[in-house]
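[1] what follows is a predicted protein model with its sequence.
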Amino acid sequence: MSSAEKIKNKYGGKAVEKSAKRLFVLADKAEAGEIVRYLYQDLGARFSIASGVDTRQGVEILYHMAFDSEDLMVTVKVLVEKPELLFESFTGFMPAANWIEREIHEMFGVNFSGHPKMETLLLPDDWPEGNYPLRKQSFDSEIEDEKRET
């Protein structure tokens, strides 16, 4: 049985197939760690990268997991709600998450509980606290466009 079939069997409607090579697993905060751990430890996926997206409700974190021998990419998508933006660190079982969690913290303000070294990675030491470069100022595209032009 392929990894995609195992994932779809285990997670049912939470696993959304976009193509033969792309699968998304929609997770809530409570189950995201278990899902990523299953992909990484039990199925042998390689952690490729994580990315963040600022939304009205919170910051979406997308953990991209590669099954190289099957030419499959699985993304676990989880929403970390505003205003708390608190989420568990995956560094305990997946050490490669260390730097990207630090980057997501700096750029979006997500606090990763249990992270072993949540310190500055990219921004200058004198960067203003609470100012997150990839957080939107508005969700109105016209306002955002005007701010970019000035």
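    All right, it came through fine.

[2] wait, Glu103 sits on Leu121?
    Yes: using CB atoms under 8 Å, Glu103 makes contact with Leu121 at a distance of 5.8 Å. From N, CA and C alone the C-beta is placed, and that goes for glycine too.

[3] neighbour count winner among these two?
    Glu103 (18 against 15; other CB atoms under 10 Å).

[4] give me the element the more buried one is part of.
    Element membership for Glu103 (DSSP states H and E) is helix 97-108.

[5] next, name the residue at the spatial heart of this structure.
    Centroid check for the chain by CA atoms, centre = their mean gives Ile61 as the closest residue, at 2.5 Å.

[6] sec struct for that residue, please.
    When classified by DSSP: H, G, I helix; E, B strand; the rest coil, Ile61 comes out as strand.

[7] hmm, Asp54 and it touching each other?
    No: Ile61 lies out of contact with Asp54 (CB under 8 Å); the separation is 11.0 Å.

[8] state the distance from Tyr63 to Val36.
    When distance is defined by CB to CB, to the nearest Å, Tyr63 is 5 Å away from Val36.

[9] what touches both of those two?
    Common contacts of Tyr63 and Val36 (CB atoms under 8 Å, 6 or more residues apart in numbering): Val76, Phe90.

[10] for the residue nearest to the centre of the chain, give the beta-bridge partners.
    Note on Ile61: beta-bridge partners by DSSP bridges are Gly52, Val78.
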